[in-house]
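Undergrad: Could you look at this predicted model? Sequence included:
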Amino acid sequence: MKNRSKLMIVAAVAASCVLLAGCGSSASSTASSAASSESAPSSVVLSQVESALPDDGTNSPDELADEVNTLLEANPIANQFEIAAMNIEYDFGLKAEDVAGYKGVKSNDNGDAGLVLVIEPAEGKADDIVEALKAYQQDQVAFYGNYAEFATAQANVENAVIASSADRVVMAIASNECTEDLTDAVNDVLLK
């Protein structure tokens, strides 16, 4: 019985070493294949495109910041956090190559879906971005629908304003404290 236990321990240690060695070689082979490849992949993860979309939510020109501030005057959002590159990709489902620039904030309070997001789309990608934002809206409606105490947030998401022009896509979700119709504010930003 003791020999069987010792053999099982040795086998487990050997298997762990093989798994760890496999992880190390996988990472180095990935790094070497990435270094040897000169063309960009067709689907780029935003975290790999830091020069295009840094993770601080401030990659956009001052003009986008001004537009976000204009929207925040109509839709004051409490406890804001900057929307980062990770959010653009994973929360909103946008592709890095579709986004030339972005700026936005979201409420960090439970049950408050407040959001202001201005995106400068890559050429010809405005419609794709609008569709991705509509999908995000539907996901959020379903999420807030799971909680009776978040009925206001759910209604705000259902009434989100998503609009675009040739060089901008805007999404605004009213914060729980917002009393204004955001359509006029979004239209003002798009007509600038």
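TA: Right, received. Where do you want to start?
Undergrad: use CA for all of it now, contacts and neighbours both
TA: OK.
Undergrad: For my notes, confirm residue 119 occurs in a helix.
TA: No. Inclusion of residue 119 in a helix is not indicated when DSSP: H, G, I helix; E, B strand; the rest coil is applied; the result is strand.
Undergrad: Now it: closest residue in space, sequence neighbours ignored.
TA: residue 102 (4.3 Å; CA to CA, 6 or more residues apart in numbering).
Undergrad: Double-check that the one you found belongs to a strand.
TA: Yes. Assigned with three-state DSSP, residue 102 falls within a strand.
Undergrad: Strands of the chain, residue ranges please.
TA: Ranges of strands in the chain, per DSSP state E, are 80-82, 99-107, 115-121, 161-164, 169-173.
Undergrad: For the shortest one, what does the pLDDT average out to?
TA: Right, strand 80-82. Averaged across strand 80-82, the pLDDT comes to 93.
Undergrad: other SSEs contacting that strand?
TA: strand 99-107 (3 or more CA pairs under 8 Å, 6 or more residues apart in numbering; DSSP states H and E).
Undergrad: Also the third one?
TA: The criterion is 3+ CA pairs under 8 Å, 6+ apart, and the helices and strands that strand 115-121 contacts are helix 62-74, strand 99-107, strand 169-173.
Undergrad: rerun at 6 Å
TA: The contact analysis (3 or more CA pairs under 6 Å, 6 or more residues apart in numbering; DSSP states H and E) places strand 115-121 against strand 99-107, strand 169-173.
Undergrad: For the last one, output the C-alpha coordinates as CSV.
TA: As requested, C-alpha coordinates have been extracted for strand 169-173 and formatted as CSV (Å, rounded to 0.1, in the frame of the first residue of the first chain):
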residue,chain,number,x,y,z
VAL,A,169,-21.2,57.0,-32.8
VAL,A,170,-22.7,58.0,-29.5
MET,A,171,-24.4,55.9,-26.8
ALA,A,172,-26.0,57.5,-23.8
ILE,A,173,-27.9,55.7,-21.0
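Undergrad: which residues make contact with it from outside it?
TA: Defining contact as CA atoms under 6 Å, 6 or more residues apart in numbering, one finds that strand 169-173 is touched by 114, 115, 116, 117, 118, 119, 157, 160, 161, 162, 163.
Undergrad: Parallel or antiparallel, which strands does that strand pair with?
TA: strand 115-121 (antiparallel), strand 161-164 (antiparallel) (DSSP bridges).
Undergrad: I'd like these laid out as a markdown table, including distance to residue 138 and mean neighbour count.
TA: Listed next are those as a markdown table, based on distance: least, CA to CA, whole Å; neighbours: other CA atoms under 10 Å:
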| stretch | distance to residue 138 | mean neighbour count |
| --- | --- | --- |
| strand 115-121 | 15 | 25 |
| strand 161-164 | 12 | 20 |
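Undergrad: domain ranges for this structure?
TA: According to automatic domain parsing, the chain comprises the domains 1-39, 46-190.
Undergrad: Tell me which of these sits most buried.
TA: domain 46-190 (a mean of 19; mean count of other CA atoms under 10 Å).
Undergrad: Check the domains of the chain for me: which has the lowest mean pLDDT.
TA: domain 1-39 (a mean of 50).
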